[in-house]
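*Asks:* Provide a 3D model corresponding to the input given below.
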Amino acid sequence: MSASPAFSAPPSLLTQAQSALVEQLTTDLDGAGLWWLSGYAAGLARAQTLPAARPMAVPAPEAQPAATLTIVYGSQTGNAKRVAESLGQQVEAAGLQVRVLRADAYPTRDLKQERYLAVVISTQGDGDPPDDARGFVEFITGKRAPALTDLHFAVLGLGDSSYPQFCAVGQVLDERLAALGGKRWIARGDADLDIETVATPWLANALAAAKESLKPQTPLATVTPLRPLAAATSAYTRDNPFHAELLANQRITGRDRAGAPSAKDIRHIELSLEGSGLHYQPGDALGVWPINPPRLVDALLATLALEGTQPVDHGGQTLPLREWLSNRRELTRLSRPFLVAHAALAKDEALDRQLSADNPTGLTELLANHQLIDLLRAHPAAWTAEALVAALRPLVPRLYSIASSPKAVGDEAHLTVAHIEYRVDGGPAGTIGDAQGGGDVEASVDDGLRWGTASNFLARALEGERLPVFIEHNERFRLPADGHRDVIMIGPGTGVAPFRGFVQERAAAGASGRNWLFFGNPHARTDFLYQTEWQEALKRGQLHRLDLAFSRDQVTSLDDAARTTTGKTYVQDRLRERGAEVHAWLEGGAHVYVCGDATRMAKDVHAALLALIAEHGNRSAEEAADYLNALQAQGRYARDVY
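*Replies:* Got it, this is the predicted structure:
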């Protein structure tokens, strides 16, 4: 988001002190807050400029205010925010009153007064709410939630059906709001990764309901915002990506003393944004539209005995089947709807047993450990090209935390990407991991080789190629505006990516606050990402502390003649070891950031923070949780987890 223009009012309108107060008040408000404030100010102005009432005039009946639709969103990657803002814009364009609030900015005391409420919320990992909605969800599901007998509500859940707890948070809120006495305005929607399939009709129904229920009793006054919204600086968006030139594709994991390569293939990617008009800040993400691995497409066509040149019409578009499978459909992630459709077609008793309600772990195992090609080979079924395209989910872009600051790299965006490549039989992967990217994989799908979609797309790309990208802003993951603040950054593995950008940004801006990085990976010799850069940053005083946790570089012991590894150390262990100092930094106003795996690392780090706050702050477990929640509400505890 571009910086707001400096506020300046004519001396004839405001004194210098009043101008300073206005600028202070509006600096940190989001769009919804500015719209509300502008309406309030317009109302005050209207009251002062109305002509005085004539003596003995019969007072006009007091006009009833129009009802307002409140839209609350909880978003981890920006999708829920985008849908919520779209609904808000449509409702506003219809001449109706609306406010759009991020969940952590919503005053929960307002809930008992709400008459019309729409909630758009995503589900993360194992059924968790996004970070910005934790307090909102806890309030509604807790004992303090009020009776809501006058509320009309609508819930749209966003999720990924390749996870067992698909849209669980939306379902919980929908049921809880009804249990509190609310009336469903429209039916709940559960949107998969192809969000628009469900979101578009849900938005249409919500808009129709709003037009019916929120009819204004009197014409609405025209409201002028205190300052104009920033004009879009680029024509390139998620749906119209910029084709960025690949400047560098370098493997940054090394070899051990015996010359064996790291088990991890981590790539440093550099892309040129020159001429795009795209702008980002450290903490933002780069969206990449991938193409599926060609060898995987070949294997699918062969397995199903289908011709890639066969034209397939779907959704009013006709394309060759190969293009559908290469560019338009998800091939490496299974989804529950496809599993159900395939089971009905395959009529395979073993598959039916695995998907049975009596086998709760069967679905989880399939979704976690199998790709489409594995399912088709293990449980054959006669798919037609048309039915296959209709049943598979649309291909969606992948988001990567940007590992650079534009102050340091100019019109470039850098990424740190873990290339996902493995064998289903546990054997060694292929040969794509050459140092400069590109190359060819000698092994094939038939040899048990599997890939991630976007990471393989990036690993295969050659310098000079152009890749479709866009910027996904992440306002919740920002460096403190006050450069005097200290920051603690916790980023094991590729989670270190945004902190490379943070350190670059703070150095370029001359921030005086201290920077403390916690980094971890299996092995120091092969997996110490950006080692030289961190060492240089320490020498220059741009990085003040660096704590490392290389989990496999521990002392080994012999037990029953078996060589075992003991005492593995992770970043959460380092946090506990440095607990007194971490707590002192927090007490001094430091901001703490976490980036990386949501399912285990982020939860373990959260637990470690709670423990050290309790121990070194002499607090109970409940008081420590309140302390950490307060940091999150203040924007001093932010997570970018996936």
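
*Asks:* now do the same for the closest residue in space to P480 that isn't next to it in sequence: its pLDDT.
*Replies:* Leaving aside its chain neighbours, P480 sits nearest to H591 (5.2 Å; criterion: C-beta to C-beta, 6 or more residues apart in numbering). Any C-beta I mention is one placed from the backbone N, CA and C, and that applies to glycine too. Looking at H591, its pLDDT reads 98.

*Asks:* and what of T222?
*Replies:* On pLDDT, T222 comes in at 40.

*Asks:* returning to that earlier point: what about the residue nearest to P480, neighbour count?
*Replies:* Counted with other C-beta atoms under 10 Å, the neighbours of H591 add up to 22.

*Asks:* longest strand in the chain, please.
*Replies:* strand 242-251 (DSSP state E).

*Asks:* hang on, the earlier thing: how much space is there between the residue nearest to P480 and N629?
*Replies:* From H591 across to N629, the span is 15 Å (C-beta to C-beta, to the nearest Å).

*Asks:* which residues sit against the longest strand of the chain?
*Replies:* Residues from elsewhere that reach strand 242-251 (C-beta atoms under 8 Å, 6 or more residues apart in numbering): 234, 236, 265-274, 276, 278, 412-413, 433-438, 458-459, 461-470.

*Asks:* hmm, S213 is touching A67, no?
*Replies:* Yes. With contact defined as C-beta atoms under 8 Å, S213 reaches A67; the gap is 6.8 Å.

*Asks:* looks to me like Y593 is in a strand.
*Replies:* Yes. The assignment for Y593 (DSSP: H, G, I helix; E, B strand; the rest coil) places it in a strand.

*Asks:* now tell me which helix or strand of this structure has the poorest mean pLDDT.
*Replies:* Least confident element among the helices and strands of the chain, by mean pLDDT, DSSP states H and E: strand 556-559 (a mean of 36).

*Asks:* poorly predicted segments of the protein, please.
*Replies:* Of all residues in the chain, those with pLDDT under 70 make up the ranges 1-66, 216-233, 426-444, 554-567.

*Asks:* can you list the domain ranges for it.
*Replies:* Listed domain ranges for the chain are 1-44+63-229, 242-290+397-472, 294-391, 487-641 (source: automatic domain parsing).

*Asks:* so how far is the last one off the chain centroid?
*Replies:* Okay, so that is domain 487-641. With C-alpha atoms, centre = their mean, to the nearest Å as the basis, domain 487-641 stands 20 Å off its chain's centre.

*Asks:* and for the third one?
*Replies:* Relative to its parent chain, domain 294-391 has a centroid offset of 27 Å by C-alpha atoms, centre = their mean.

*Asks:* between the two ends of that domain, how far is it?
*Replies:* With C-alpha to C-alpha, to the nearest Å as the measure, domain 294-391 spans 20 Å from end to end.

*Asks:* how near is L517 to A413?
*Replies:* 21 Å.

*Asks:* again, but for I373
*Replies:* Taken as C-beta to C-beta, the span from I373 to A413 is 32 Å.

*Asks:* out of those two, which sits in the busier spot?
*Replies:* Neighbours were counted for I373 and for A413 using other C-beta under 10 Å; A413 has more, 26 against 20.

*Asks:* double-check that that one belongs to a strand.
*Replies:* Yes. A413 forms part of a strand when assessed by three-state DSSP.

*Asks:* all helices for the stretch 101-250 of the chain, in order.
*Replies:* 134-141, 168-179, 195-213 (DSSP state H, counting those that start in this stretch).

*Asks:* out of those, nearest to R506?
*Replies:* Among these, helix 134-141 comes nearest to R506, with 27.7 Å by C-beta to C-beta.

*Asks:* got the CA coordinates for that closest one in PDB?
*Replies:* What follows is helix 134-141, C-alpha atoms only, in PDB (Å, rounded to 0.1, in the frame of the first residue of the first chain):
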ATOM      1  CA  ARG A 134      -8.600 -15.600  16.800                       C
ATOM      2  CA  GLY A 135     -10.000 -13.100  19.300                       C
ATOM      3  CA  PHE A 136     -13.200 -12.700  17.200                       C
ATOM      4  CA  VAL A 137     -13.800 -16.400  17.100                       C
ATOM      5  CA  GLU A 138     -13.000 -16.900  20.700                       C
ATOM      6  CA  PHE A 139     -15.500 -14.200  21.700                       C
ATOM      7  CA  ILE A 140     -18.300 -15.600  19.700                       C
ATOM      8  CA  THR A 141     -17.700 -19.200  20.800                       C
END
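
*Asks:* which other helices and strands does that helix contact?
*Replies:* Helix 134-141 is packed against strand 68-74, helix 168-179, helix 621-633, with contacts defined by 3 or more C-beta pairs under 8 Å, 6 or more residues apart in numbering; DSSP states H and E.

*Asks:* same list, the helices of the stretch 101-250 of the chain, but as a markdown table with mean neighbour count please.
*Replies:* Converted to a markdown table, these look like this (neighbours: other C-beta atoms under 10 Å):
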| stretch | mean neighbour count |
| --- | --- |
| helix 134-141 | 18 |
| helix 168-179 | 20 |
| helix 195-213 | 17 |
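
*Asks:* let me see the contact set for the most centrally placed residue in the chain.
*Replies:* Closest residue to the average C-alpha location of the chain: T77 at 1.8 Å, with C-alpha atoms, centre = their mean. Shown in contact with T77 (C-beta under 8 Å, 6+ apart): S122, A285, L399, E472, Y642.

*Asks:* beta partners for the residue nearest to the fourth one when sequence neighbours are not counted?
*Replies:* Yep, that's E472 we're talking about. Distances taken as C-beta to C-beta, 6+ apart place A285 nearest to E472, at 4.3 Å, with adjacent residues excluded. On the basis of DSSP bridges, A285 is bridged to S401, E472.

*Asks:* strands along the stretch 501-642 of the chain, start to end?
*Replies:* 515-521, 545-550, 556-559, 562-565, 591-596, 637-641 (DSSP state E, counting those that start in this stretch).

*Asks:* who are the packing partners of the longest one?
*Replies:* Read that as strand 515-521. Using 3+ C-beta pairs under 8 Å, 6+ apart: strand 515-521 touches strand 487-490, helix 497-509, helix 531-540, strand 545-550, helix 571-577.

*Asks:* closest to D192 out of these?
*Replies:* Closest among those, using C-beta to C-beta: helix 497-509, at 26.8 Å.

*Asks:* please identify the buried residues of the closest one?
*Replies:* Residues of helix 497-509 classed as buried: A497, P498, F499, R500, G501, F502, V503, Q504, E505, R506, A507 (neighbour count, 16 or more other C-beta atoms under 10 Å).

*Asks:* what's the answer for stretch 243-260, then?
*Replies:* A244, E245, L246, N249, R251, I252, T253.

*Asks:* could I get the CA-only coordinates of that stretch as CSV?
*Replies:* Written as CSV, here are the backbone C-alpha positions of stretch 243-260 (Å, rounded to 0.1, in the frame of the first residue of the first chain):
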residue,chain,number,x,y,z
HIS,A,243,5.3,-11.8,-16.8
ALA,A,244,8.5,-11.2,-14.9
GLU,A,245,11.9,-12.0,-16.3
LEU,A,246,13.8,-14.6,-14.2
LEU,A,247,17.1,-13.1,-13.4
ALA,A,248,18.5,-15.9,-11.1
ASN,A,249,17.7,-19.4,-10.1
GLN,A,250,20.3,-20.7,-7.7
ARG,A,251,20.4,-23.6,-5.3
ILE,A,252,21.5,-22.3,-1.9
THR,A,253,21.8,-25.6,0.0
GLY,A,254,25.3,-27.1,-0.1
ARG,A,255,27.2,-30.4,0.2
ASP,A,256,28.5,-32.1,3.3
ARG,A,257,32.2,-33.0,3.9
ALA,A,258,31.7,-36.2,1.9
GLY,A,259,30.4,-34.3,-1.0
ALA,A,260,26.8,-35.5,-0.6
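
*Asks:* does K568 really touch R552, like I thought?
*Replies:* Yes. Between K568 and R552 there is a contact at 7.1 Å, judged by C-beta under 8 Å.

*Asks:* for the helices of the stretch 101-250 of the chain, could you give me a markdown table that also reports distance to R99?
*Replies:* Shown next, in a markdown table, are these (distance: least, C-beta to C-beta, whole Å):
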| stretch | distance to R99 |
| --- | --- |
| helix 134-141 | 15 |
| helix 168-179 | 18 |
| helix 195-213 | 13 |
